[in-house]
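Chemist: pasted the sequence and its predicted model underneath.
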Amino acid sequence: MHVYAVRELAAYLRELLDANPVLGDVWVAGECSNVSRPASGHVYFTLKDQAAQMRCVFFSQKLNVRARTAHLVENGHAVLAHGRVSLYEQRGDLQLVVDYVQPEGAGALQAEFERLKAQLGEEGLFDESRKRRLPPMPRRVGVVTSASGAVFHDICHVLERRWPLAEIILAPAPVQGPDAVAGIVGGLEALNTIEGIDVIIAARGGGSLEELWTFNDEQVARAIFGSLVPVVSAVGHETDFTIADFVADMRAPTPSAAAELVSPDRIQMQAHLGTAVNAMGSIIRRRMDGWRSALLQHTHAMDRRRPDIPASRQRVDGLTRRSLFAAERAHRDAAHGVGSCVWRLKSLDPYATLDRGYAIVQRNGSIVSSVATVKSGDALDIRVKDGAFRAMVGGSAPAPQRRSRRAVPDAQTPLFTMPEERA
């Protein structure tokens, strides 16, 4: 036999209650009594009827929710409370943890609608800042609705009339019944996986609150919120509002109105295009006229500033002739100067004196210019007019003899004369 500690048994009972799907999402109707509001901000009270009572706690984690609904909890008020059944282990009390309170006069579905609307609103699913603009000219439109109903036919008819360029892709799904929630969620997810879908319409015809309840389901609301493609909700008639309407990027009063919202009117588009074409034509013509006028002005200005080509050509020809004449004269002068230099160089060439009977005497490659630089037995190289030969100094070298200076005439004829002077 296993003996449990009190805390073990209490924890086990609490786990059983928390895991129960029915007790985790319940609505309880009763009269409020023993209402207590301690400084913590929580509200403690008892729900009772003629046969039983249950302790309740309404926590204040979300002040705005508490401020909107906590005032309904007063002694003697008949309310409809939503929450989960749990066990308070410290005292062993069974209690209802309340998260929403509605006056008992409202129906259960309406109360659930208000509760879920408040919850999702607190989470930010209804924020206008996150809602996206619809594409002005969609290429592919996804539709989640029943394949057999008149809703899809109405949407197709409106799109064909207004914007036949759009391709319509249907994700068939039941819109009421036990499989409706899974069908709507699956259709939204499937359309999000298809490339090129620009907008999605989630639609069904009118009906009672019970028939439209699929679009008040939390799973459907979160699927619309998580869609990567803008979603238009078109559920029921103009007076019908669902949670899907608040979450969607745009609400349409009817499915036909949704088709009009997602598509431009081709007739109006043609009119706008015609107006735009005419306006563009007028603008282009005005600009062309302005450009043509400016071009003519620039052409005239260029003509006025155009240089005198014939005069410039004549001036260039004259300069060319004078340049050629100067170049020829410079060439003649340079040739004459070069010839004169060549003649002078030849007259100074030591080998030219050999033709007149002179000789060049070298010893060891050096010119012998004095008898003092040689001695007997030295080998000499002697170059004459028609060749060279070797010789040897014999005997003693003769004493150097000084040549007598000849008298210089008063006017000596210059050695070099210019061709002009000779002439």
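Modeler: Received the coordinates, thanks. Numbering: from 1, shown residues only.
Chemist: what residue ranges in the protein score low on pLDDT?
Modeler: Applying pLDDT under 70 to the chain flags the ranges 62-70, 105-108, 395-423.
Chemist: how is it carved up into domains?
Modeler: Domains of the chain are assigned by automatic domain parsing as 6-123, 132-264, 351-392.
Chemist: deepest-packed of the ones you listed, please.
Modeler: domain 132-264 (a mean of 19; mean count of other Cβ atoms under 10 Å). From N, CA and C alone the C-beta is placed, and that goes for glycine too.
Chemist: first vs last residue of that one, how far apart are they?
Modeler: Domain 132-264 has its terminal residues 17 Å apart, counting by Cα to Cα, to the nearest Å.
Chemist: check stretch 15-28 too.
Modeler: End to end - Cα to Cα - stretch 15-28 spans 21 Å.
Chemist: go ahead and name everything in contact with it.
Modeler: By Cβ atoms under 8 Å, 6 or more residues apart in numbering, the list of residues contacting stretch 15-28 from outside reads 47, 54, 80-87, 94, 96, 108, 111-112.
Chemist: what's the closest of these to A334?
Modeler: Nearest to A334, judged by Cβ to Cβ, of those is E112 at 118.8 Å.
Chemist: give me the element the closest one is part of.
Modeler: Per DSSP states H and E, E112 falls inside helix 108-123.
Chemist: likewise for V22?
Modeler: Short version, using DSSP H and E: V22 is in no helix or strand.
Chemist: could you grab the helix/strand/coil label for G186?
Modeler: Secondary structure of G186, reduced to three states by DSSP: H, G, I helix; E, B strand; the rest coil: helix.
Chemist: that one contacts A173, correct?
Modeler: Yes. Contact between G186 and A173 holds when scored by Cβ atoms under 8 Å: they sit 6.7 Å apart.
Chemist: pretty sure M280 sits in a strand.
Modeler: No. Assignment of M280 by three-state DSSP gives helix, placing it outside any strand.
Chemist: picking that back up, counting contacts, what elements does the helix or strand following the helix holding E112 pack onto?
Modeler: Downstream of helix 108-123, the next assigned helix or strand under DSSP H and E is strand 140-145. The contact analysis (3 or more Cβ pairs under 8 Å, 6 or more residues apart in numbering; DSSP states H and E) places strand 140-145 against helix 150-162, strand 167-172, helix 180-193, strand 199-204.
Chemist: give me the angle between strand 140-145 and strand 167-172.
Modeler: 20 degrees (axes from the mean of the first three to the mean of the last three Cα atoms, to 10 degrees).
Chemist: residues in contact with strand 140-145?
Modeler: 151-152, 155, 159, 166-173, 175, 184, 187-188, 191, 194, 196-204, 229, 255, 262-263.
Chemist: do stretch 1-14 as well
Modeler: Outside stretch 1-14, the residues touching it (Cβ under 8 Å, 6+ apart) are S86, L87, E89, G92.
Chemist: count of neighbours near L345?
Modeler: 10 (other Cβ atoms under 10 Å).
Chemist: quick check: it is in a strand.
Modeler: No. Applying three-state DSSP, one finds L345 to be helix, outside a strand.
Chemist: how far away is it from T373?
Modeler: Noted for L345: a distance of 28 Å to T373, by Cβ to Cβ, to the nearest Å.
Chemist: after the helix or strand A327 falls within, which helix or strand is next?
Modeler: Using DSSP H and E, A327 sits in helix 309-347. Next in sequence after helix 309-347, counting helices and strands by DSSP H and E, comes strand 360-363.
Chemist: which strands or helices does that following strand pack on?
Modeler: strand 379-384.
Chemist: quick one: strands adjacent to the strand it packs on?
Modeler: Looking at strand 379-384 with DSSP bridges, its partner strands are strand 360-363 (antiparallel), strand 387-392 (antiparallel).
Chemist: got a markdown table for these, with distance to D240 too?
Modeler: Converted to a markdown table, these look like this (distance: least, Cβ to Cβ, whole Å):
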| stretch | distance to D240 |
| --- | --- |
| strand 360-363 | 136 |
| strand 387-392 | 137 |
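Chemist: what about those strands, which gets the closest to S293?
Modeler: Closest among the strands paired with strand 379-384, using Cβ to Cβ: strand 360-363, at 93.3 Å.
Chemist: residues contacting the nearest residue to R133 once chain neighbours are set aside?
Modeler: Leaving out its chain neighbours, the residue that sits closest to R133 by Cβ to Cβ, 6 or more residues apart in numbering is P230, at 7.4 Å. Applying Cβ under 8 Å, 6+ apart to P230 gives the contacts R132, R133, L134, P135, D198, V199, I200, D249, M250.
Chemist: test my guess that I360 contacts I367.
Modeler: Yes. Using Cβ under 8 Å, I360 is in contact with I367, at 6.9 Å.
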